[in-house]
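Participant: Attaching a predicted model along with its sequence, questions to come.
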Amino acid sequence: MEKSEEIQRHLRDLFGSQNLAVLSTHQDGQPYASLVAFVATEDLKHIFFVTPKTTRKFANLSADCRVALLVNSSQNQVSDFHRAIAVTATGEAAEISGSNKNIYIKSYLSKHPYLEDFVKSPTCALVRVTVKSYYLVKNFQNVMELHIAE
């Protein structure tokens, strides 16, 4: 299997098994991390999450769209050092509006149906991260990169 295909398989498996990611934004250079429920597109080019527009994370990404998301399979066990997979996705975030929004909301709710009221609140924003790169770490020190073509 080609390395790119192997990374994509790991990403799809991980994203299918995990509901939460750590979103990193910043304000004036000070990093800020938040937990978000997410869904990724099948082609791995985009990751979506929903957040209230009044949050610090939304203000931060509105001021500077560069973000990172961390998704991992760890269970806080010693075995995680050799079995867990962690992926950092870097890219640019933007609020989605208009007619395409409903398509993405449908995909998001297929993974997180229990968040329907939250997602449909007029105070919340659907955010799309356009991924530039993935950095996958497995077996504690094996790092692989996948750069997404635009």
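Facilitator: That came in fine, so what should we check first?
Participant: rest of the way, CA atoms for contacts and neighbours
Facilitator: Fine.
Participant: May I have stretch 93-101 as PDB, with CA atoms only?
Facilitator: The C-alpha trace of stretch 93-101 is given here as PDB (Å, rounded to 0.1, in the frame of the first residue of the first chain):
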ATOM      1  CA  ALA A  93     -11.300  28.000   9.200                       C
ATOM      2  CA  ALA A  94     -14.300  30.000   8.000                       C
ATOM      3  CA  GLU A  95     -17.900  30.200   8.900                       C
ATOM      4  CA  ILE A  96     -20.200  28.500   6.300                       C
ATOM      5  CA  SER A  97     -23.400  30.200   5.300                       C
ATOM      6  CA  GLY A  98     -25.800  30.100   2.300                       C
ATOM      7  CA  SER A  99     -27.400  27.200   0.500                       C
ATOM      8  CA  ASN A 100     -24.500  24.800   0.900                       C
ATOM      9  CA  LYS A 101     -24.700  25.000   4.700                       C
END
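Participant: ok, residue 70 touching residue 88?
Facilitator: Yes: contact status for residue 70 versus residue 88: in contact at 4.5 Å, counting by Cα atoms under 8 Å.
Participant: Quick one: residues contacting residue 143.
Facilitator: Shown in contact with residue 143 (Cα atoms under 8 Å, 6 or more residues apart in numbering): 135, 136, 137.
Participant: all helices of this structure, in order?
Facilitator: 3-17, 56-63, 80-83, 101-111, 116-119 (DSSP state H).
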